[in-house]
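Participant: what would the 3D arrangement of this be:
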Amino acid sequence: GVDRIKGESVSDTLHAVAEGDSLCMQFSYKTDGEKRCVKVYPQGLQMIEGHYFMMDSDSVATLAYKPEYGEMKVGVYGDAREMMMSSVEKIAKQDWCGSNDFLANRLRALKMLPTTKERSREIKKIEKTLRKNRGENGMWCWWGKPSVKLMGTVADMWVTERVLEALGMSENETALESELAFRREKYRGKWDCLLDIAKLYKVIGHEETAKEIALEIPDDSIRNTYLRIEKQMMEGYDVRFDTMRHITYTDGSYYSYSKGDSYWRNVTAEEVWTTMQAYRYFEKKNDRKECKRIKRWLLQYSFGGVLSEWFEMQVVKTLWNDGPIEGKDTLWQISVGGKSLEKLPYHTTVDSEAQVDYKGLRDIYVSTEQNWWNKTPEAQGNGMTINTVYDKGVLTVEVTVEKTAENVIVSIPVPAGCSYSDNQEKSNSEMYREEYRDRVNIYCYQLREGKHTFKVRLNERYPGAYTLNPAQVRLVDYPVFNANNETKKVRIK
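Facilitator: You can find the predicted model right below:
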C-alpha cells in the first residue's frame, strides 16, 4: 500500500498481473481516490490467414480450417463489391503509419464507404495533412513535406501519383507542371523515369503530353511487363494480351510474360498488375466471359496479406464497377456447414471444417479469415533476417537482406520499462522513424544487399524483467517478403 504522512510520502511496490489487453487499478486514501487504466501489450505477434474466392452456380466448396489458429470468420456475398467492402473497411481503420502514400490509401478507402460524421471528420483531417505536406514543387515525398535535399528524387514521383489519385487535383497545378517539364529534360535517356513522368502527366489530365513522352521511349528499353503495357496504352496501340494469358485449374485467367526471377515472382506482383490491365482492356471490349475469369483469379490471389494494402485497393478500384448486381437472383439455395441461408451478405464463425453448398444462377463470393495471436513465434524470414540485442539502454537491430530491397519498414518493439532518449542515432539507410509507446517504425527507401544496423537509444526508468516482442522487417508493397526474430527477455537494473 501507500502511506501518506504530512509533508512526506512513502511508496511501496504493487504486483499486478493483466489477464487481458488492459489493466485497471484503483487506489484511495479515506475518501480521496484515483482510478487509472493502463494498456497492456500482449506478448508475441499478430498473425492472419485469409482466403477469397468465387463460386459458380451448382457448386460445392470445403473451407479449410486450422484448429491451432482458433475460430474462423466466414462471409458469403452476392456480388464482388460486397465482399471487397470488408477489405476497404479494414484499410480505412488502419492508423499504424503516417506516410503520405499510406494516408492516400486510407483516404481512398474512406471515400468508398458510406458517409458518417466520424468518417467525414477523418477524411477532412487526412486531406488537410496531405495538402500541408505538399512541396513547393507540387510534389509529395514518402514522409512529411519534401525538404530541398529530397526534391528531385525519383521515389517522390510514385508517391505523388498515389496522392493525386486519392486527393484529386487543385484548380492550379502550375508548380507541378513546371516540375514535370524540368524533370522531363533532366531524365532524358532514363526511360523508366520518363515513363513515371508520363504517368503523372496522365493523372493531371495532360494525355497528349503523356503519349508524346511514351512515343520517345524505345520499345526494348522497358524491362517490366506492366510498364511496357502502360507505355503501349499511352501510345494508343492495341495490346497483344493473348500471348500472356494463363489459365488456372479453377478456370481463372492471369496475364504475365515473366517466368524468371523467383524472388519477385513468388508474390505475383507483376501478374497482379498486368492482370488488372488486362481486365480494364477486356472490360472496354465488353468481353464479360474473360472478365469473369480474370476476376476469379484477382479475388483469389490479391487479398489475404499476399500484397500490400495499396495493391488491394488497386484491385478494388479495378473491380468496383462490376457490382452491385441489380435484380439479384432470388432462387438460390446456399448452406454453410449445413445451415441454410435466407439472405446475403451472411457472416458467421466456425470452429471446424465447413462446407458451402450453392445452387443458383449467378456467381457468389466467399471469404474466410483466421486471426490469432502467436505467443511464442519462432524466428523466420523470406529473403531477409532480423535480430535484436539490448544492452544498457541501447537496442541494436541488425537486418540482413539477400537482394536490394525498396520501400522497407522495420518495426522495433521497445521494453516497457524504458522511455525514448532525446539523442537518437540515425542510420545512413533510414529515411524516417516514428516513435510509438510500444515500438519504433523505421522507413527506408532502399536497403542494399547485405547487413544494415539500426539503433534505438532508451532511458532505463523502471528496474525489472521485461518481455521484448519480436522485431519485424518487410517490404511495404510486397509484405510476403518479411522476417521476424523470436521473443526475448531483457532485464533493467
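Participant: all helices in the stretch 301-450 of the chain, in order from the N-terminus.
Facilitator: 309-319 (DSSP state H, counting those that start in this stretch).
Participant: what's the answer for the stretch 151-300 of the chain, then?
Facilitator: Secondary structure of the stretch 151-300 of the chain (DSSP H, counting those that start in this stretch): helices at 155-167, 174-186, 191-203, 207-216, 225-235, 262-265, 269-284, 288-301.
Participant: K403 is nearest to which of those helices?
Facilitator: When these are compared by Cβ to Cβ, helix 262-265 sits nearest K403, at 5.7 Å. C-beta coordinates here come from the backbone N, C-alpha and C atoms, glycine included.
Participant: the nearest residue to V350 once chain neighbours are set aside - how many residues pack around it?
Facilitator: Nearest residue to V350, sequence neighbours excluded (Cβ to Cβ, 6 or more residues apart in numbering): M72, at 5.3 Å. The number of residues packed near M72 is 24, by other Cβ atoms under 10 Å.
Participant: so for M72, what's the pLDDT?
Facilitator: Per-residue pLDDT puts M72 at 91.
Participant: how close does it sit to S335?
Facilitator: As judged by Cβ to Cβ, to the nearest Å, M72 and S335 stand 17 Å apart.
Participant: and if you look at W273?
Facilitator: Look at W273 and S335: by Cβ to Cβ, they are 37 Å apart.
Participant: and these two? Which one has more around it.
Facilitator: Using other Cβ under 10 Å as the criterion, W273 and S335 rank with W273 on top: 21 against 16.
Participant: could you list the single helix or strand in this protein with the lowest mean pLDDT?
Facilitator: Ranking every helix and strand in the chain by mean pLDDT, DSSP states H and E puts helix 262-265 at the bottom, with a mean of 37.
Participant: close enough to count as contact, R457 and S419?
Facilitator: No: counting by Cβ atoms under 8 Å, R457 stays clear of S419, with 10.5 Å between them.
Participant: I126: neighbour count?
Facilitator: I126 - counted by other Cβ under 10 Å - has 20 other residues nearby.
Participant: helix, strand or coil: sort out it for me.
Facilitator: Of the three states, I126 takes helix under DSSP: H, G, I helix; E, B strand; the rest coil.
Participant: how far away is it from F102?
Facilitator: Per Cβ to Cβ, I126 is found 10 Å from F102.
Participant: go on, E270?
Facilitator: Distance from E270 to F102, by Cβ to Cβ: 23 Å.
Participant: where do the strands of the stretch 351-493 of the chain begin and end?
Facilitator: In the stretch 351-493 of the chain, the strands defined using DSSP state E, counting those that start in this stretch lie at 354-359, 364-374, 380-381, 384-391, 394-401, 405-413, 418-420, 432-435, 439-447, 450-460, 464-468, 472-475, 482-484, 488-492.
Participant: nearest to M233, out of the ones you listed?
Facilitator: Short answer: strand 405-413, nearest of the strands of the stretch 351-493 of the chain by Cβ to Cβ, at 24.4 Å.
Participant: quick one: buried residues of that closest one?
Facilitator: Residues 405, 407-413 are the ones in strand 405-413 that count as buried (16 or more other Cβ atoms under 10 Å).
Participant: for stretch 369-381, same thing?
Facilitator: Going by neighbour count (16+ other Cβ under 10 Å), the buried part of stretch 369-381 is 369-370, 372, 374, 377, 381.
Participant: pLDDT value on R108, please?
Facilitator: In this model, R108 carries a pLDDT of 90.
Participant: hang on, it in a helix?
Facilitator: Yes: according to three-state DSSP, R108 belongs to a helix.
Participant: burial check on it, number of neighbours?
Facilitator: The number of residues packed near R108 is 22, by other Cβ under 10 Å.
Participant: check contacts around it.
Facilitator: R108 sits next to 165-166, 313, 317 when contact means Cβ atoms under 8 Å, 6 or more residues apart in numbering.
Participant: how about a cut-off of 6 Å?
Facilitator: 166, 313 (Cβ atoms under 6 Å, 6 or more residues apart in numbering).
Participant: how near is it to Q370?
Facilitator: As judged by Cβ to Cβ, R108 and Q370 stand 27 Å apart.
Participant: for the stretch 301-450 of the chain, which spans come out with low pLDDT?
Facilitator: The stretch 301-450 of the chain contains residues with pLDDT under 70 at 303-307, 322-331.
Participant: tell me which residues touch the residue nearest the centre of the chain, please.
Facilitator: With distances taken as Cα atoms, centre = their mean, the residue of the chain nearest its centroid is E309 (3.0 Å). By Cβ under 6 Å, 6+ apart, the contact set of E309 is 91, 105.
Participant: grab the nearest non-local neighbour of C444.
Facilitator: In space, and not counting its chain neighbours, C444 is closest to V408: 4.5 Å by Cβ to Cβ, 6+ apart.
Participant: sorry, slip of the keys, the one I care about is N371.
Facilitator: I48 (5.0 Å).
Participant: for the one you found, phi and psi?
Facilitator: phi -150, psi 140 (degrees, to the nearest 10).
Participant: isn't it right next to W372, touching?
Facilitator: No: if you go by Cβ atoms under 6 Å, I48 and W372 don't touch, sitting 7.9 Å apart.
Participant: E449: how many residues sit nearby?
Facilitator: Neighbours of E449 (other Cβ under 10 Å): 10.
Participant: no, scratch that, I was asking about V397
Facilitator: 23.
Participant: what of E136?
Facilitator: The number of residues packed near E136 is 11, by other Cβ under 10 Å.
Participant: looks to me like it is in a strand.
Facilitator: No: under three-state DSSP, E136 sits outside any strand and is assigned coil.
Participant: please report how far it lies from G338.
Facilitator: E136 is 64 Å from G338, by Cβ to Cβ.
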